[in-house]
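In: okay, here's the prediction I keep looking at, along with the sequence it came from:
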Amino acid sequence: MSQASIILFMVSLVGICFGDYILSAAAVTLILLTPVLGKGGLVSLGKPVFSLGIFFLMVFILLPIATEKVRLSDLTAHLRNPLFFLTMATAVIISYLGGRGVAFLQQPYILFATILGTLLGVLFLKGLPAGLIIAAGVISVMARFI
């Protein structure tokens with residue numbers, strides 16, 4: 001069993017212990033795909049899987065519009081609410097940081113630290129794995145001052 005498989009197996013067990021079955025399923029999927037695709041095949045999966053993940057995230061974001069939970073008339077009613085604009089500005093900043101984070105994650109130690117931090121946040125704080133890219137983006141900005 002390879003070092004990567006052992007780590008993924010441990011991640012899967014931790015996920016099961018904490019009731020995060022999606023994390024466990026992802027780790028097991030990678031364990032099972034490794035002998036079939038090899039390292040090179042897994043590396044080539046990276047970009048399409050990332051794009052597919054972004055696609056499903058966008059579907060999730062747009063679902064309230066499709067189900068009419070959010071309507072154009074609701075939008076105009078909230079244009080006087082300062083929280084509306086604060087939320088929109090925050091989303092713009094976070095999207096920018098996410099874009100920076102993807103490039104910054106190319107550094108192995110940054111990738112490793114964000115993976116560990118994201119796993120800890122998901123398992124112990126009931127967070128979501130979206131933090132990995134944003135964390136890398138925040139650090140990419142902060143790194144200018146270090």
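Out: Alright, I've got the coordinates.
In: helices of this structure, start to end?
Out: 3-17, 21-66, 72-77, 82-104, 108-125, 131-142 (DSSP state H).
In: can I get these in JSON lines with mean pLDDT and mean neighbour count?
Out: For glycine as for every other residue, the C-beta is placed from the backbone atoms N, C-alpha and C. Below are these laid out as JSON lines (pLDDT from 0 to 100; neighbours: other C-beta atoms under 10 Å):
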{"stretch": "helix 3-17", "mean pLDDT": "91", "mean neighbour count": "15"}
{"stretch": "helix 21-66", "mean pLDDT": "91", "mean neighbour count": "12"}
{"stretch": "helix 72-77", "mean pLDDT": "82", "mean neighbour count": "9"}
{"stretch": "helix 82-104", "mean pLDDT": "91", "mean neighbour count": "13"}
{"stretch": "helix 108-125", "mean pLDDT": "87", "mean neighbour count": "14"}
{"stretch": "helix 131-142", "mean pLDDT": "86", "mean neighbour count": "19"}
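In: report the central residue of this structure.
Out: Ala130 (2.8 Å; C-alpha atoms, centre = their mean).
In: ok, the residue nearest to that one when sequence neighbours are not counted to Ala136 distance?
Out: Nearest non-adjacent residue to Ala130, counting by C-beta to C-beta, 6 or more residues apart in numbering: Leu57, 7.8 Å away. For Leu57, the distance to Ala136 equals 16 Å [C-beta to C-beta, to the nearest Å].
In: do Phe85 as well
Out: Taking C-beta to C-beta, one finds Phe85 at 27 Å from Ala136.
In: one more: Ile16?
Out: 27 Å.
In: can you check Leu52 too?
Out: 20 Å.
In: repeat that for Phe56.
Out: 20 Å.
In: go on, Leu105?
Out: Taken as C-beta to C-beta, the span from Leu105 to Ala136 is 5 Å.
In: what's the overlap in contacts for these two?
Out: 111, 114 (C-beta atoms under 8 Å, 6 or more residues apart in numbering).
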